[in-house]
Structure formats: C-alpha cells, structure tokens
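Participant: just the structure for this:
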Amino acid sequence: QTKSIAAALGEVRDQDVAIIALEKIQKQAPDGMSSALEQLIDERKERRNGSREKLSSILIANEMKQAKTEFMSRVEKATAPRKTPAETELTYSRMSAIVIIDRLKELEKLSESLYQPFEIEALHDMRIAAKRLRYALELFQQCWGRSLQTFAKTAARLQTALGEVHDCDVWIEDFGKQISQARKQKQNEHVAAFIWLLSHFVKLRTKHLRRAYDLWREWESNDVGDQLRQALH
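Facilitator: Below you'll find the model as predicted:
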C-alpha cells in the first residue's frame with residue numbers, strides 16, 4: 001500500500017520537476033525555440049493532471065484510515081513481548097548493524113557500474129543502493145548516536161550526483177524519441193529545439209557523472225566503507 005502511494009506521488013513529482021526544469025531552460029534557450037519548449041511544457045502539464053487524478057483515486061480518506069488501523073495492529077503484534085531467552089534476542093543495534101553492512105556491500109558491488117558510463121540501468125541501481133544505505137543509516141542512527149551522521153551525509157551526496165545522472169538519462173532518451181517523431185512530421189523548428197536540448201543534457205550528464213566519479217574516488221581513498229564497518233563493530 002505504501003509503495004503504491006509512493007509511486008503515485010513520484011509520478012506527480014516527476015512532472016513537477018520536469019516542468020520547472022523546462023521553464024528554466026526556456027529562459028536561456030536560443031531564439032526560435034520558445035514555441036517548441038512551450039509545447040513540451042504543456043504536454044508535461046497534461047501528464048501531471050493525469051498523475052494527480054491517479055493520486056487522488058488512491059488517497060481516499062476511508063481507505064487511508066483503514067490502512068492506518070491495520071498497520072498499527074500489525075505493529076503491536078510484531079512488537080509484543082516474547083518469551084525467549086535474553087541471550088538469543090536480537091537487539092535493535094545488532095539488527096541495524098546487519099542491515100547497514102548489507103546495504104554497504106550492495107553499494108560496493110554496484111560501484112563497478114561507474115566504469116561503464118553507458119550502462120544506464122546499472123548506474124540507476126547504484127543510485128538506489130546509495131539511497132538505501134543512506135536511509136538505513138538515518139533510520140538506525142539513534143542506536144549509534146551521532147557517529148553515523150557523517151556516513152549518511154556522504155551517501156546522500158553520492159545519491160544526489162547519481163540521481164542527476166539518471167535524470168539526464170531520462171531526458172536524453174525522451175528527446176531522442178521526440179526528434180524521431182518531429183523528423184517524420186517534418187517539424188523542422190521542433191527538430192532543431194530537440195537537438196539543442198539533447199546536446200544540453202548530454203553535456204550536463206557528463207558534468208554530474210564526473211561529480212559521481214570524484215565522490216566515489218574520495219569514498220575509496222578515505223576508506224569510508226572500512227570506517228563504517230569499524231564504527232558498527
């Protein structure tokens with residue numbers, strides 16, 4: 001249920017971000033491209049309206065209230081005291097260490113994707129791994145005091161850089177399709193605008209990818225993974 005709500009919210013957010021980005025680009029785009037960009041912005045606004053309708057259909061008051069009741073019931077059941085020997089009980093701090101190390105291993109394994117810059121899905125998976133590690137660090141921080149804050153911030157910076165790369169990849173794919181359609185319909189003005197936009201995001205992608213490289217090199221040179229393992233030991 002939470003995933004479906006998050007996905008619906010994400011669809012609305014994606015269109016909001018796209019509209020803001022296109023409106024910003026419109027101000028710096030060469031003359032003669034305004035109408036093509038205006039059309040793109042209008043298309044995104046239409047998509048956003050559809051995404052908002054979908055979100056509204058999910059956020060029904062009675063169903064949300066029922067979901068909350070059921071969720072709290074399951075939490076109470078899951079956290080009820082159990083008659084088990086104290087030495088075999090899994091503490092929150094011990095469990096959190098297991099989860100964080102697992103997330104760290106996942107990120108380290110996927111870091112190879114940085115050296116395959118055109119493997120879009122692999123880079124996206126690395127971004128998700130950085131996000132999962134960051135969330136685990138933030139979630140379990142209370143078990144470890146302030147010692148995990150620095151690691152969470154480092155993971156967040158890496159997540160942001162890889163997120164920017166992914167956003168550019170989405171734009172590049174979209175404009176590639178737009179160029180093909182505009183060429184078929186002989187919309188020369190639109191073709192020129194889309195090619196300019198494609199070039200813009202290719203350059204932007206390179207900038208963000210370099211940032212991700214720098215952050216990961218810093219991560220490895222400072223042995224951040226080993227420092228985190230020691231902090232949890």
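
Participant: what helix or strand is the residue nearest the centre of the chain on?
Facilitator: Central residue of the chain (C-alpha atoms, centre = their mean): Gly163, 5.5 Å from the mean position. Using DSSP states H and E, the element containing Gly163 is helix 149-184.

Participant: check Ile101 too.
Facilitator: Per DSSP H and E: helix 92-110 holds Ile101.

Participant: contacts for that helix, please.
Facilitator: 122, 125-126, 129-130, 132-133, 136-137, 139-140, 143-144, 148, 155, 225, 228-229, 232 (C-beta atoms under 8 Å, 6 or more residues apart in numbering). Every residue, glycine included, has its C-beta placed from N, CA and C.

Participant: if we can go back for a sec, now the angle from the helix holding Gly163 to helix 92-110?
Facilitator: On the basis of axes from the mean of the first three to the mean of the last three C-alpha atoms, to 10 degrees, helix 149-184 is oriented at 40 degrees to helix 92-110.

Participant: pLDDT below threshold where in this protein?
Facilitator: The model of the chain has pLDDT under 70 over residues 84-88.

Participant: run the last query once more with 90
Facilitator: Residue ranges of the chain with pLDDT under 90: 1-5, 25-40, 57-67, 78-94, 141-147, 174, 178, 181-182, 185-194, 233.

Participant: can you give me the helices for it?
Facilitator: 2-28, 34-58, 61-78, 92-110, 120-139, 141-144, 149-184, 188-221, 224-232 (DSSP state H).

Participant: which positions in the second one come out as buried?
Facilitator: Burial within helix 34-58, assessed by neighbour count using 16 or more other C-beta atoms under 10 Å, is assigned to 36-37, 40-41, 44, 47-48, 51, 55.

Participant: what is that helix packed up against?
Facilitator: On a contact count with 3 or more C-beta pairs under 8 Å, 6 or more residues apart in numbering; DSSP states H and E, helix 34-58 meets helix 2-28, helix 188-221.

Participant: before we move on, back to that, so which of the helices of the chain has the densest surroundings on average?
Facilitator: Mean neighbour count (mean count of other C-beta atoms under 10 Å) peaks for helix 120-139 among the helices of the chain, with a mean of 20.

Participant: show residues contacting that one.
Facilitator: Residues contacting helix 120-139 (C-beta under 8 Å, 6+ apart): 96, 99-100, 103-104, 106-107, 110-114, 116-117, 148, 151-152, 155-156, 158-159, 162-163, 165-166, 169.

Participant: stretch 174-181 now?
Facilitator: 40, 190-191, 194-195, 197-198, 201.

Participant: and if you look at stretch 202-214?
Facilitator: Against stretch 202-214 from outside (C-beta under 8 Å, 6+ apart): 114, 117, 158, 161-162, 164-165, 168-169, 172.

Participant: return the distance of it from the chain's centre.
Facilitator: 16 Å (C-alpha atoms, centre = their mean, to the nearest Å).

Participant: and that stretch, C-alpha only, in PDB?
Facilitator: What follows is stretch 202-214, C-alpha atoms only, in PDB (Å, rounded to 0.1, in the frame of the first residue of the first chain):
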ATOM      1  CA  VAL A 202      24.500  15.200 -22.800                       C
ATOM      2  CA  LYS A 203      26.900  17.900 -21.500                       C
ATOM      3  CA  LEU A 204      25.000  18.100 -18.200                       C
ATOM      4  CA  ARG A 205      25.200  14.300 -17.800                       C
ATOM      5  CA  THR A 206      29.000  14.400 -18.200                       C
ATOM      6  CA  LYS A 207      29.200  17.100 -15.500                       C
ATOM      7  CA  HIS A 208      27.200  15.100 -13.000                       C
ATOM      8  CA  LEU A 209      29.000  11.800 -13.900                       C
ATOM      9  CA  ARG A 210      32.300  13.500 -13.200                       C
ATOM     10  CA  ARG A 211      31.000  14.600  -9.800                       C
ATOM     11  CA  ALA A 212      30.000  11.000  -9.000                       C
ATOM     12  CA  TYR A 213      33.500   9.800 -10.000                       C
ATOM     13  CA  ASP A 214      35.100  12.400  -7.700                       C
END
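
Participant: that concludes my questions; thank you for your assistance.
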